[in-house]
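# sequence below, structure please.
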Amino acid sequence: MGKILIITAPSGSGKSTIVKHLLNTISATAFSVSAATRPKRINETNGVDYYFISAATFKKYIRQRRFIEWEEVYPGQLYGTLKSEIKRLWRQKKTIIFDVDVIGAKDLKRIFPRNSFAIFIKPPSLEVLKKRLEDRNTETPEKIATRIKRATMELHYEFDFDAIVLNDHLHNAQQDASDLANKFIFGK
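Down below sits the predicted model:
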């Protein structure tokens, strides 16, 4: 087994932006593409951002035990990590970076306690988080309210992880995450 770097946060906290930064600056890493049943956004690519699959296929994969972890993050929206994805990336001798929700991150920490490091990306406040979600222009007000409700719950788990990075200034958060990742991967 190789190393696993888990990046988790409430939706809109900047975790995907920080993950992209880590992938672009640390060559020993590779991104674990999750499976998702939610609709693909305009700027997303199947097989790069997510493996977009139907709910029926996702449920079939659950029955076949193809996921290392999975969860219904929002009503009708299933997300999970395929075992085949982990094997594929470890064959490449890469440290796998996961961009997962808080419950998925807790599951991965439980499954891989010795070779994982989990960073919680914390937004400055729920108000800032709501503004970031609104600025995306990808969600209805109802979906934003659902995401804020879930974020309130997820923030209670911040101390369950190995480190917390406050994302009040993106550049600083990226640098903090890079420092933590490099220390975990390379011991420096």
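
# for the rest of this, base every contact and every neighbour count on C-alpha atoms.
Will do.

# what ranges do the helices span in this structure?
Applying DSSP state H to the chain gives helices spanning 15-25, 55-63, 83-91, 102-111, 126-136, 141-154, 170-186.

# other SSEs contacting the last one?
With contacts defined as 3 or more Cα pairs under 8 Å, 6 or more residues apart in numbering; DSSP states H and E, helix 170-186 has these neighbours: helix 15-25, strand 163-166.

# that one vs helix 15-25, what angle?
Orientation note: helix 170-186 sits at an angle of 60 degrees relative to helix 15-25 (axes from the mean of the first three to the mean of the last three Cα atoms, to 10 degrees).

# can you list contacts of helix 170-186?
With Cα atoms under 8 Å, 6 or more residues apart in numbering as the test, helix 170-186 has contacts from 3, 5, 14, 18, 21-22, 26, 95, 117, 119, 165-167, 188.

# export these to a markdown table and tack on pLDDT?
Supplementary listing: the contacts of helix 170-186 in a markdown table, determined by pLDDT from 0 to 100:
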| residue | pLDDT |
| --- | --- |
| 3 | 96 |
| 5 | 98 |
| 14 | 90 |
| 18 | 97 |
| 21 | 98 |
| 22 | 98 |
| 26 | 97 |
| 95 | 97 |
| 117 | 98 |
| 119 | 98 |
| 165 | 98 |
| 166 | 97 |
| 167 | 95 |
| 188 | 71 |
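
# quick check, nearest of these to residue 43?
Among the contacts of helix 170-186, residue 14 lies closest to residue 43 (Cα to Cα), at 16.0 Å.
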